[in-house]
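need a structure here:
(4 chains)
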There are 2 protein chains.
Amino acid sequence: MIRPSKPRQTRTAEVYERIRADIFAARLKPGQRLKFPDLCATYETSVGVAREALVRLAADRLVSVQAHQGYTVAELSIEQLTDLTAARVELEPLTFRKAILEGDEHWESGIVATHHLLALREQASRSSKERDASWYAAHEDFHAALLAGCRSRRLREVTQMLRAEAELYRHWAAPLGADVKRDLAGEHRALADAALARDAELGPELLHRHIACTTEILARGISEGTEVQA
Amino acid sequence: MIRPSKPRQTRTAEVYERIRADIFAARLKPGQRLKFPDLCATYETSVGVAREALVRLAADRLVSVQAHQGYTVAELSIEQLTDLTAARVELEPLTFRKAILEGDEHWESGIVATHHLLALREQASRSSKERDASWYAAHEDFHAALLAGCRSRRLREVTQMLRAEAELYRHWAAPLGADVKRDLAGEHRALADAALARDAELGPELLHRHIACTTEILARGISEGTEVQA
DNA sequence: TGTCAAGAGAGATTCGAAAGTTGTCCCGAA
DNA sequence: TTCGGGACAACTTTCGAATCTCTCTTGACA
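Residues are numbered from 1 along each chain as shown, chains lettered A, B, ... in the order given. Sure thing, here's the model as predicted:
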């Protein structure tokens, strides 16, 4: 081992991951311009690499691009959230339903495991304002585990891609939204129970409501607190 | 107007379009390696531009990439086709159903128009072996028109993305598949009729069968004629 | 005062070569 | 003959400067 660097992945992949993480962690704000001089300085890389990373992020719809005018972090808007939700309330329950029908024991164990972790995080943070990075991670892992049983890789990927996009809204709107009396922990438990009980009717239905309800709260949060911009 | 070139879009976009077209037109074959020296010569561009185009195509899953080993045109396999179909038979009827419920008059007129063109092409080419580029274009336009009524942009885009991927299989397997006695023109007419009749039950059901049937024929074609490789 | 054109500056895009990585082929030893 | 090591060659990845486009400002003219 003469080489101290990791030749496994490329520099582009690393920068892609870092920018992506920075977007989710709100270190890069919605609508913010991503100028190459800045990016190169921040991530210690060259224009070409930064460019390629942004192209990939644009494919994920996490950044938007306009020819000759550069890249910006994706804007948040109620229209976009509504459109995104319209797609998710159809797709995600559908994928979940297939997971319930097709999932194996390994899938079940994944649900049990991730739900356990999520439950712990939920006890730690009573209100949405107390949620930290570990809660978000556990939440995503749990939802990913629910869908993991679906055999069609593409269906999973497409569904996950839309989830990731929605994640942005969750991060930005959660601290704003009025904390309605919602039993989020209960909803998650119900989802896990339905999955383990292989209830292909109830599970998707619960997930549909779960998504729609979350969206409604987020939308309210966004329209109330438009001071999202820094 | 001093400039003879078109500064509207970037060179990357142009190369992306050309490579994409070449893949669909079978000038680039499944599994074929895409080496930068060759690409630069063929498309008269630099490495950076070619690279960026390939990154975008990889996001579309039209080419696959492995770090430090370059890019290749997406491989065709029955497993992939099966997975793709599993996703499409769920997604496409779903989007179609929403289109039927939400589509306006403009949507209807698009269906009538594209179906007319497709019908003309179908008269011209009796068997699948006679289909030319214009048939494929008309076929895609018609199916796109069916889905265009769905209000959720994302649902449309995701569905279209999977369609585009499946398109590759259609191009490669169609000349191979035994031409079973299938009334393709009739199926298309039935789809158009169901859409115009706003039958939200029949339409999606027909589309489901349409996709499943096509896949079955394609799969047979691929497994029979494995001499696809040049 | 309002409109329009030219110029300057900021920044996006493109290029071609340098640097790094992978796979291959050849040679020697067991 | 087979296996392991090492150098070569081809290619991918990365870089930073050169080129080009857009936007904003300035100033002239109606």
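
Quickly list the domain ranges of chain A.
What the record gives for chain A is the domain set A:8-73, A:78-224, from automatic domain parsing.

so how far is the helix or strand of chain A with the lowest mean pLDDT off the chain centroid?
Lowest on mean pLDDT, DSSP states H and E among the helices and strands of chain A sits helix A:202-224, with a mean of 90. Averaged C-alpha coordinates place helix A:202-224 at 14 Å from its chain's average position (C-alpha atoms, centre = their mean, to the nearest Å).

could I get it in CSV with only the CA atoms?
Extracted C-alpha coordinates of helix A:202-224, given in CSV (Å, rounded to 0.1, in the frame of the first residue of the first chain):
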residue,chain,number,x,y,z
LEU,A,202,-54.0,-1.7,5.0
GLY,A,203,-50.2,-1.0,4.6
PRO,A,204,-50.4,0.9,1.4
GLU,A,205,-53.4,2.8,2.6
LEU,A,206,-51.6,3.9,5.8
LEU,A,207,-48.6,4.9,3.8
HIS,A,208,-50.8,7.0,1.5
ARG,A,209,-52.3,8.8,4.4
HIS,A,210,-48.8,9.2,6.0
ILE,A,211,-47.4,10.9,3.0
ALA,A,212,-50.5,13.1,2.4
CYS,A,213,-50.6,14.2,6.0
THR,A,214,-46.9,15.0,6.1
THR,A,215,-47.2,17.0,2.9
GLU,A,216,-50.1,19.0,4.3
ILE,A,217,-48.2,20.0,7.4
LEU,A,218,-45.1,20.9,5.3
ALA,A,219,-47.1,23.0,2.9
ARG,A,220,-48.6,24.9,5.8
GLY,A,221,-45.2,25.4,7.2
ILE,A,222,-43.8,26.8,4.0
SER,A,223,-46.7,29.2,3.4
GLU,A,224,-46.6,30.4,7.0
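
thinking again about what came up before, put together a markdown table for the domains of chain A, with mean neighbour count and distance to B:T159 on each row.
The way it works is simple: take the backbone N, C-alpha and C, and place the C-beta from them, glycine included. Formatted as a markdown table, the domains of chain A follow (neighbours: other C-beta atoms under 10 Å in any protein chain shown; distance: least, C-beta to C-beta, whole Å):
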| stretch | mean neighbour count | distance to B:T159 |
| --- | --- | --- |
| domain A:8-73 | 17 | 15 |
| domain A:78-224 | 18 | 9 |
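
How about the contacts made by A:S223?
The contact partners of A:S223, taken as C-beta atoms under 8 Å, 6 or more residues apart in numbering or on different chains, are A:I78.

any idea how far it lies from B:S152?
20 Å (C-beta to C-beta, to the nearest Å).

other SSEs contacting the strand or helix carrying A:R170?
Secondary structure assigned from DSSP states H and E places A:R170 in helix A:153-173. Identification of packing neighbours for helix A:153-173 by 3 or more C-beta pairs under 8 Å, 6 or more residues apart in numbering or on different chains; DSSP states H and E yields helix A:11-24, helix A:78-102, helix A:133-147, helix A:202-224, helix B:78-102, helix B:153-173.
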